[in-house]
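Enquirer: Need a 3D model of the following:
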Amino acid sequence: MRGFSNHASTSYAGQIMGAATTFLEFEGAGQEADATKRALGLNSLESERMAQETQKKTFEDERQFRISVMRDRERNVAAIGASGIRMEGSALEVLRDNASMAEKDIINMRDSGRSKRDAFLKEASNFREAGRSASRAGFINQASAVVKGAGQAAQQAVSGGAGG
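Expert: Modelled structure (predicted):
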């Protein structure tokens, strides 16, 4: 009878250890998924912040560029006037060409800023999707831990029942 008691105690201890292992695997999978999702969420927020900063910088760069172009134009007009050349013909064409090139530069500046902003927003979206995927993976890992633990418990029950 004593041998049966030792076997029962060993079997009971094995079941407790199996249940504890299953619980730890389950909890660990959930915490890992949550931590990954939080980290990806923070990355997403940072990317969105960078998109806003890029947009602000683009607006400020355009503003500064326009101020610079206006100053250059005023200096050129003053220099042309001081030289005695009339504001027609070649002088006027140069000013028009400069204005046209400045507008093209501004359009390029906007396009570049928009592309950078869009890249940050896409990155933020990708981080959010990765966070959702991490949550799904965590759920699957938790379910796997439960199924694995149940399988081990069933195997112990069968092997314990066969030995007794």
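Enquirer: next helix or strand past the longest helix belonging to the chain?
Expert: Across the chain, the helix with the greatest residue count (assigned by DSSP state H) is helix 2-83. Later in the chain than helix 2-83, the nearest helix or strand by DSSP states H and E is helix 90-163.
Enquirer: the inter-axis angle of that following helix versus helix 2-83?
Expert: For helix 90-163 against helix 2-83, the angle by axes from the mean of the first three to the mean of the last three Cα atoms, to 10 degrees is 180 degrees.
Enquirer: who's in contact with stretch 34-54?
Expert: By Cβ atoms under 8 Å, 6 or more residues apart in numbering, the list of residues contacting stretch 34-54 from outside reads 113, 116-118, 120-121, 123-125, 127-128, 130-132, 134-135, 138. No exception for glycine: its C-beta is placed from N, CA and C like everyone else's.
Enquirer: One more: stretch 63-79?
Expert: Among residues not part of stretch 63-79, those counted as contacts by Cβ under 8 Å, 6+ apart are 87, 94-95, 98-99, 102, 105-106, 109.
Enquirer: Much appreciated, bye for now.
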